[in-house]
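Chemist: Sequence first, then the predicted structure:
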Amino acid sequence: MENKESPLRKYRRQPKLYITLPSNGKWYNETILADGTFSDLAVFSMTASDEILFKTPDALINGEATAKNISSCIPAVIDPWKIKTLDLDAILIAIRMATYGSEMNVTHKCTKCQHENGYEIALQKYLDFFSQCTFESKLTFDNFTLWLEPLSYKRWTELQKLQTSYQRALNLNVGKIATEEDKQEYIQELIDNINVTVAKSVLEQVTKIEVDGETETDQQEIYDFLENQDAALFNEVKKLIERNTKAWQLPSEKVKCVECDAENKIRISLDTSDFFGQG
């Protein structure tokens, strides 16, 4: 019997756009990106299953929804969990553009007259913005030179889950503790855990330290060293991370209220539950 090609094949998903990762593939290899290629990556629209994942609370919390959607919509990304957070926003914007188009409808209440306005935001400008950003990866402090990398999506998700669990415990359990002494002890323990998580998100971005002509790349050695150093070095690392975060933050949009003509500034949120909530 002759094998006949299905007439549906020509209607299968096709790439809607192509993107170059803002990191220019600096921290990737063939196990993360197919052929180690970071440019002209084909971006497909989401399937119905992909959309459902973004409406599944558990999948959103543990990062599974985002990871699976990246694999589905950008097949060249072999291991989405190892994608650096630096590239994540551009990837999510590209997936949304491929699925719903290059415009995004947002609403904003005027700060002057409280009228709720609707605006249409062009998303391509954000991809253009990321393509111009640079990541400051080198820090010199006294006789130390430190190199930093953004966290992987996997590690960032793990730390976010930890911090969220501590915050939730703080909100839910404190009122159930009988004595004031036990309550204060419990609160302090949770605050200490939150502070440790924040410190990890900073210190784990340092991947190499050079001093006295020698170089250390062992992550545990680096972490232990920084954790037990003077606060001044930690604060310098934290400042560098904050500068990078600010430099890569989506720019705000200037908009006018149709009711009172007042100028407002808005910034779109890339929280996946909202960003992919509607077309």
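Modeler: Done, it's in. Numbering: from 1, shown residues only.
Chemist: Contact partners for residue 241?
Modeler: 148, 202, 205 (Cβ atoms under 8 Å, 6 or more residues apart in numbering). All C-beta spots, glycine's among them, are computed from the backbone N, C-alpha and C.
Chemist: could you measure it against residue 89, distance?
Modeler: 16 Å (Cβ to Cβ, to the nearest Å).
Chemist: Neighbours of residue 97, how many?
Modeler: 22 (other Cβ atoms under 10 Å).
Chemist: Sorry, slip of the keys, the one I care about is residue 170.
Modeler: Neighbours around residue 170, by other Cβ under 10 Å: 16.
Chemist: Distance check, it against residue 211.
Modeler: On the measure of Cβ to Cβ, residue 170 and residue 211 end up 39 Å apart.
Chemist: Show me what counts as buried in stretch 245-253.
Modeler: By neighbour count on 16 or more other Cβ atoms under 10 Å, the buried set for stretch 245-253 is 248, 253.
Chemist: Report the separation between the nearest residue to residue 91 once chain neighbours are set aside and residue 90.
Modeler: Nearest residue to residue 91, sequence neighbours excluded (Cβ to Cβ, 6 or more residues apart in numbering): residue 70, at 6.0 Å. Distance, residue 70 to residue 90, using Cβ to Cβ: 11 Å.
Chemist: hmm, back to that, name the helix or strand for the residue nearest to residue 91, please.
Modeler: helix 64-73 (DSSP states H and E).
Chemist: which helices and strands does that helix pack with?
Modeler: The helices and strands touching helix 64-73, judged by 3 or more Cβ pairs under 8 Å, 6 or more residues apart in numbering; DSSP states H and E, are helix 48-53, helix 57-61, helix 85-100.
Chemist: can you rerun that using 7 Å?
Modeler: helix 48-53, helix 85-100 (3 or more Cβ pairs under 7 Å, 6 or more residues apart in numbering; DSSP states H and E).
Chemist: So what touches that helix?
Modeler: Contacting residues not belonging to helix 64-73 are listed as 43-44, 46-47, 50, 53-54, 56, 59, 77, 80-81, 83, 91, 95, 98, 272 [Cβ atoms under 7 Å, 6 or more residues apart in numbering].
Chemist: Using PDB, list the CA coordinates for it.
Modeler: In PDB, the C-alpha atoms belonging to helix 64-73 read as follows (Å, rounded to 0.1, in the frame of the first residue of the first chain):
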ATOM      1  CA  GLU A  64       7.700  23.800  35.000                       C
ATOM      2  CA  ALA A  65       5.300  25.800  32.900                       C
ATOM      3  CA  THR A  66       8.000  28.200  31.700                       C
ATOM      4  CA  ALA A  67      10.600  25.500  31.100                       C
ATOM      5  CA  LYS A  68       8.200  23.300  29.100                       C
ATOM      6  CA  ASN A  69       6.900  26.200  27.000                       C
ATOM      7  CA  ILE A  70      10.500  27.300  26.100                       C
ATOM      8  CA  SER A  71      11.200  23.700  24.900                       C
ATOM      9  CA  SER A  72       8.000  23.600  22.900                       C
ATOM     10  CA  CYS A  73       8.200  27.100  21.400                       C
END
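Chemist: Check the closest residue to residue 80 other than its chain neighbours and give its pLDDT.
Modeler: Nearest residue to residue 80, sequence neighbours excluded (Cβ to Cβ, 6+ apart): residue 70, at 3.9 Å. Residue 70 is assigned 95 on the pLDDT scale.
Chemist: What about residue 70, how many residues nearby?
Modeler: 24.
Chemist: ditto for residue 157
Modeler: For residue 157, using other Cβ under 10 Å, the count is 19.
Chemist: Format the CA atom coordinates belonging to the host helix or strand of it as PDB.
Modeler: Here residue 157, judged by DSSP H and E, is contained in helix 153-173. Extracted as PDB, the C-alpha positions of helix 153-173 are listed here (Å, rounded to 0.1, in the frame of the first residue of the first chain):
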ATOM      1  CA  TYR A 153      16.600  29.600  35.500                       C
ATOM      2  CA  LYS A 154      16.700  26.400  37.600                       C
ATOM      3  CA  ARG A 155      18.700  27.900  40.400                       C
ATOM      4  CA  TRP A 156      16.700  31.100  40.400                       C
ATOM      5  CA  THR A 157      13.500  29.200  40.600                       C
ATOM      6  CA  GLU A 158      14.800  27.100  43.500                       C
ATOM      7  CA  LEU A 159      15.800  30.200  45.500                       C
ATOM      8  CA  GLN A 160      12.500  32.000  44.700                       C
ATOM      9  CA  LYS A 161      10.600  28.900  45.900                       C
ATOM     10  CA  LEU A 162      12.600  28.900  49.200                       C
ATOM     11  CA  GLN A 163      12.000  32.600  49.800                       C
ATOM     12  CA  THR A 164       8.300  32.300  49.000                       C
ATOM     13  CA  SER A 165       7.900  29.300  51.400                       C
ATOM     14  CA  TYR A 166       9.600  31.300  54.300                       C
ATOM     15  CA  GLN A 167       7.400  34.300  53.600                       C
ATOM     16  CA  ARG A 168       4.300  32.100  53.500                       C
ATOM     17  CA  ALA A 169       5.300  30.500  56.800                       C
ATOM     18  CA  LEU A 170       5.800  33.900  58.300                       C
ATOM     19  CA  ASN A 171       2.300  35.000  57.300                       C
ATOM     20  CA  LEU A 172       0.400  31.800  58.200                       C
ATOM     21  CA  ASN A 173       2.100  30.300  61.200                       C
END
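Chemist: Alright, that wraps it up for me.
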